[in-house]
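*Asks:* sharing a model that was predicted from the sequence below.
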Number of protein chains: 2
Amino acid sequence: MTDKIRIAIDMDEVIADTIDKFIELYKREHNTLIRLDEMTGKEFNELLPDDIRQTLKHYIHEPGFFRDIKVMEGSQEVVKALCDKYDVYIVSAAMEFPNSLIDKYDWLAEHFPFISWKNIIFCCNKIVNTQIMIDDRIRNFAGFNGRTLLYSSPHNHFVTGYERVNTWAEVAEKLL
Amino acid sequence: MTDKIRIAIDMDEVIADTIDKFIELYKREHNTLIRLDEMTGKEFNELLPDDIRQTLKHYIHEPGFFRDIKVMEGSQEVVKALCDKYDVYIVSAAMEFPNSLIDKYDWLAEHFPFISWKNIIFCCNKIVNTQIMIDDRIRNFAGFNGRTLLYSSPHNHFVTGYERVNTWAEVAEKLL
């Protein structure tokens, strides 16, 4: 471990474009088109027709679901630059989906090879001892005493009272 | 999350008898008998004959290796009792062995079903925000400001300067 300031960075909707995967999946498998601009203030499953809403739970528990998700725009470059200045941890609430553990590990190795496995944490409650946390879910800020950056995602659009970042370029502006 | 005092409990050599697995494996596969009383102050692989020492690394990376390890005596009863009084987290440095992630998850579900998946953390560096940590590796106490209980294991026999527990009965005496 180093003396650098530590940052905890979330995966889904922060460095991994999980909503894009949902949209593409429902277009392909269920001929159902959900548009990003309909999602403001809502969770993805709230937009699904009643008769297929329950399928989402099934999909995200499937082996492989988290393996081929697109990388969020700009995240690789900025996280790489952050690694020079900070001790960067990827902290994902993966434990709810046990089959995601190895997929997320492999995904990180492929897309963020500059993040050592020593700096990966899979958990649920994010009781991590870092000074900064970047996350799209304010529930992960509960009990955290450091600086929080709420990464904008449709579902958190109406959440107020938090320092916000809308893009990875904005993260770079604030932290680099 | 609750207001209870949080404890981080390690897996290997604390609730999981990984050395027993090593001993049985080398007896069976390599006809090599390593006795617990030879291990004092040593890591298991230091006791292996030169020509098979490298096999250990292979074994612990195999899928399934961590799935059928014996439970450490008394750990289930005491951890269950601790759960009433404390917010108990299982914190394992599993990330070094990515195939162990699902095995450790399933092992905990089988042997410690009273530990919610919400209270499992797989990592390497244990930068967890708990008040107590029970671990057999003092490197995991680095940077940790809470109370540490060093769980005795042959390899840490000569380590001094730490509050020590030799059995789960001793953990119960101290914490219950």
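*Replies:* Arrived safely.
*Asks:* near chain B, which residues of chain A?
*Replies:* A:1, A:6, A:89, A:95-96, A:98-99, A:101-102, A:105-106, A:116-125, A:127-130, A:142-143 (C-beta under 8 Å from any C-beta of the partner chain). In this view, the C-beta of every residue, glycine as well, is placed from N, C-alpha and C.
*Asks:* narrow the residues you listed to those that are buried.
*Replies:* Buried members of the residues of chain A next to chain B, counted by 16 or more other C-beta atoms under 10 Å in any protein chain shown: A:6, A:89, A:95, A:98-99, A:101-102, A:105, A:116-117, A:119-125, A:127-130.
*Asks:* sorry, back to before: in strands, which of the residues of chain A next to chain B appear?
*Replies:* Using DSSP state E, A:6, A:89, A:120-122 are the members of the residues of chain A next to chain B that sit in strands.
*Asks:* how about low-confidence regions in chain A?
*Replies:* Along chain A, the model assigns pLDDT under 70 to residues A:1.
*Asks:* which residues lie in contact with the most centrally placed residue in it in this structure?
*Replies:* Central residue of chain A (C-alpha atoms, centre = their mean): residue A:12, 2.4 Å from the mean position. Residue A:12 makes contacts with A:18, A:69, A:92, A:136, as judged by C-beta atoms under 8 Å, 6 or more residues apart in numbering or on different chains.
*Asks:* correct me, but the second one touches residue A:19?
*Replies:* Looking back up the chat, that one is residue A:69. No: using C-beta atoms under 8 Å, residue A:69 is not in contact with residue A:19; the gap is 9.6 Å.
*Asks:* name the surrounding residues that touch the helix or strand containing residue A:24.
*Replies:* Assigned by DSSP states H and E, residue A:24 belongs to helix A:18-30. With C-beta under 8 Å, 6+ apart as the test, helix A:18-30 has contacts from A:12-13, A:32-36, A:39, A:44, A:48, A:52, A:55-56, A:59, A:65-66, A:68-70, A:153-154.
*Asks:* in PyMOL, how would I select the buried members of these?
*Replies:* Buried residues among the contacts of helix A:18-30 (16+ other C-beta under 10 Å), as a PyMOL selection:
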select buried, chain A and resi 12+13+34+39+44+48+55+56+65+66+69+153+154
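*Asks:* sitting in helices, which of the contacts of helix A:18-30 do you find?
*Replies:* Taking DSSP state H as the definition of helices, those contribute A:55-56, A:59.
*Asks:* now the residues you listed in TSV, with distance to residue A:147?
*Replies:* Below are these laid out as TSV (distance: C-beta to C-beta, whole Å):
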residue	distance to residue A:147
A:55	38
A:56	33
A:59	34
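*Asks:* how about the contacts made by residue A:14?
*Replies:* A:72, A:75, A:134-136, A:151.
*Asks:* okay, it and residue A:60: tell me how far apart.
*Replies:* Remark: distance between residue A:14 and residue A:60 (C-beta to C-beta, to the nearest Å) = 17 Å.
*Asks:* and what of residue A:115?
*Replies:* Distance, residue A:115 to residue A:60, using C-beta to C-beta: 23 Å.
*Asks:* with residue A:111 instead?
*Replies:* Look at residue A:111 and residue A:60: by C-beta to C-beta, they are 19 Å apart.
*Asks:* taking the chain centroid, which residue in chain A is the extreme one?
*Replies:* Distance from the C-alpha centroid of chain A peaks at residue A:51, with 27.4 Å (C-alpha atoms, centre = their mean).
*Asks:* from what I can see residue A:171 touches residue A:150, true?
*Replies:* No: under the criterion of C-beta under 8 Å, residue A:171 makes no contact with residue A:150, lying 11.3 Å away.
*Asks:* mutual contacts of the two, please.
*Replies:* Common neighbours of residue A:171 and residue A:150 (C-beta under 8 Å, 6+ apart) are residue A:165.
*Asks:* distance of residue A:134 relative to residue A:127?
*Replies:* Taking C-beta to C-beta, one finds residue A:134 at 16 Å from residue A:127.
*Asks:* residue contacts, the nearest residue to residue A:67 once chain neighbours are set aside?
*Replies:* Distances taken as C-beta to C-beta, 6 or more residues apart in numbering or on different chains place residue A:103 nearest to residue A:67, at 4.1 Å, with adjacent residues excluded. By C-beta under 8 Å, 6+ apart, the residues touching residue A:103 are A:63-67.
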